[in-house]
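Visitor: build me a model:
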Amino acid sequence: MASFPPSVNELAESFSGSGLPHPLLVQEIRKAIDQGDWENLETRIQRLKALPLQTVINATGVLLHTNLGRAPWPNSSTGHAINVELDLTTGLRGSRQEHVGNLFATLCGSEAAMVVNNCSSAVLLVLSALASGKGVAISRSEMVEIGGNFRVPDVLELSGAYLVEVGTTNRTRKDDYERAISANKDVAMMMKIHQSNYKIVGFTESTDVAELSDMGIPLVADIGSGLLDENCPWLDSGPPAWINGEPAAKQTLEQGADLITFSGDKLLGGPQAGIIAGRADLIGRCMKHPFARAVRPGGLILSSLQELAMRYLTRDWEAIPFWKMAVTTVNELEQRANRIGIGTPVPLNSIPGGGTLPEVVIPSFGLQLNGDVSHKLRLGTDENPPIIARVEDGNTFLDLRTVDPLFDDQLSSALHGIS
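Guide: Modelled structure (predicted):
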């Protein structure tokens, strides 16, 4: 005989100590009753409590884990008003782009720069401002798709520009661009797109930025990952070996790109944002386009990027969490693994992640736990945040390269709790 659920009020009263706000609790109770699942209400409430954004411990070894927000960066807002568009000298309305744009122009060695809300927005804005209704020459080897079904041809269509395909999938030469531009008189720009999440190997040939810098139309390079300078002058130890070959903002502009676009939350190590840097006249056209208002960043992002830029300019790399974890030595990681004292210390390989450097591994160190305990770690407790691990061959691994040392005690506590 089927059982009938208690009333909504009765169930709400019995779960009043769940920690859920009353409106959300009642909403979930009604949903459970409608679905005939009220007897599993406790499980549903626990699942609902796990939905809000919260601090987690990234023990996956993926430095730029898209599902975990990519580069770790602190929210440093004071919670008070900030002069986003107020010129404190004149008291008049100012530009939200001017100061932060100048900081990134200095970092990139460009005439000007501006900030939007992500790199996809940067590409869309540049295409719309410089090539709407006109052609854009792009190599067939660079017709990329990144996460979320974001495809270059689709963005071109949205911008009002149209695609002029150049070369072949595996080989594109300078004369391929020359023929494409000659055959399509309204080609307004060329675009180079970094193959950040895939590689084409074998019988290949490509044309670099320097070769295309004298074609008479703007050359835009989407370098994607946001490495500022291949020499990493902010690091005491110089550039790590694993970034070899990654296009950098300063060098790409020196090679002749008129504009570059890149992400703020990848190798730059900051919040989600998109940076456009290069010629002042082209940046000006982007700023005047109607899309610029639609994709502009808010005060939180601008203040975060301002702080990040100052850390680069003062070479305070240890205050940039991404670079601190990226260059930590394996010896330091091994010492931490031994201090934690739970699990088996083992050498591991980290990866950059975030659609960056797809073939690169970074030597690391961490802990191995027998069996798959990833679910228990992921649930967290009142004392310890959720821990996101990786599972291989039925065992659980915690890569300490991506774990801030501040979490080591909580990590140890959590491991003791499940041992």
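Visitor: where do the domain boundaries of the protein fall?
Guide: As recorded under automatic domain parsing, the domains making up the chain are 8-49, 57-72+328-418, 98-316.
Visitor: reformat those as a markdown table; add mean neighbour count, mean pLDDT and distance to residue 89.
Guide: In this view, the C-beta of every residue, glycine as well, is placed from N, C-alpha and C. A markdown table is the format used below for the domains of the chain (neighbours: other CB atoms under 10 Å; pLDDT from 0 to 100; distance: least, CB to CB, whole Å):
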| stretch | mean neighbour count | mean pLDDT | distance to residue 89 |
| --- | --- | --- | --- |
| domain 8-49 | 14 | 89 | 45 |
| domain 57-72+328-418 | 18 | 93 | 33 |
| domain 98-316 | 19 | 90 | 12 |
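Visitor: which residues are contacting stretch 12-20?
Guide: Identification of contacts with stretch 12-20 by CB atoms under 8 Å, 6 or more residues apart in numbering yields 6, 22, 25, 26, 28, 29, 41, 42, 45, 48, 49.
Visitor: 7 Å instead?
Guide: Outside stretch 12-20, the residues within contact range by CB atoms under 7 Å, 6 or more residues apart in numbering are 25, 26, 29, 41, 45, 48, 49.
Visitor: from those residues, which two are the most distant?
Guide: 26 and 49 (15.1 Å; CB to CB).
Visitor: what segments of the stretch 201-350 of the chain are strands?
Guide: Secondary structure of the stretch 201-350 of the chain (DSSP state E, counting those that start in this stretch): strands at 219-224, 259-263, 274-278, 344-353.
Visitor: quick one: closest of those strands to residue 235.
Guide: Distance to residue 235, taken as CB to CB, is lowest for strand 344-353 among these, at 15.7 Å.
Visitor: from the chain's centroid, how far away is the closest one?
Guide: On the basis of CA atoms, centre = their mean, to the nearest Å, strand 344-353 sits 21 Å off its chain's mean C-alpha point.
Visitor: with only the CA atoms kept, save that strand in CSV.
Guide: Presented in CSV, the C-alpha positions along strand 344-353 are these (Å, rounded to 0.1, in the frame of the first residue of the first chain):
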residue,chain,number,x,y,z
THR,A,344,51.9,6.9,0.0
PRO,A,345,54.1,9.7,-1.2
VAL,A,346,54.6,9.2,-5.0
PRO,A,347,56.0,11.2,-8.0
LEU,A,348,53.3,12.5,-10.3
ASN,A,349,52.9,14.6,-13.4
SER,A,350,50.9,17.8,-13.4
ILE,A,351,49.5,19.4,-16.5
PRO,A,352,48.8,23.1,-17.4
GLY,A,353,45.2,22.6,-18.3
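Visitor: what packs against that strand?
Guide: strand 62-64, helix 330-340, strand 362-369, strand 395-399 (3 or more CB pairs under 7 Å, 6 or more residues apart in numbering; DSSP states H and E).
Visitor: and the end-to-end length of stretch 143-155?
Guide: Stretch 143-155 has an end-to-end distance of 11 Å (CA to CA, to the nearest Å).
Visitor: contacts for stretch 124-137 next, please.
Guide: So stretch 124-137 is contacted by 116, 155-156, 158-164, 166, 177, 180-181, 184, 186-191, 218, 220, 259, 261, 276, 282, 285-286, 289, 291-292, 295 (CB under 7 Å, 6+ apart).
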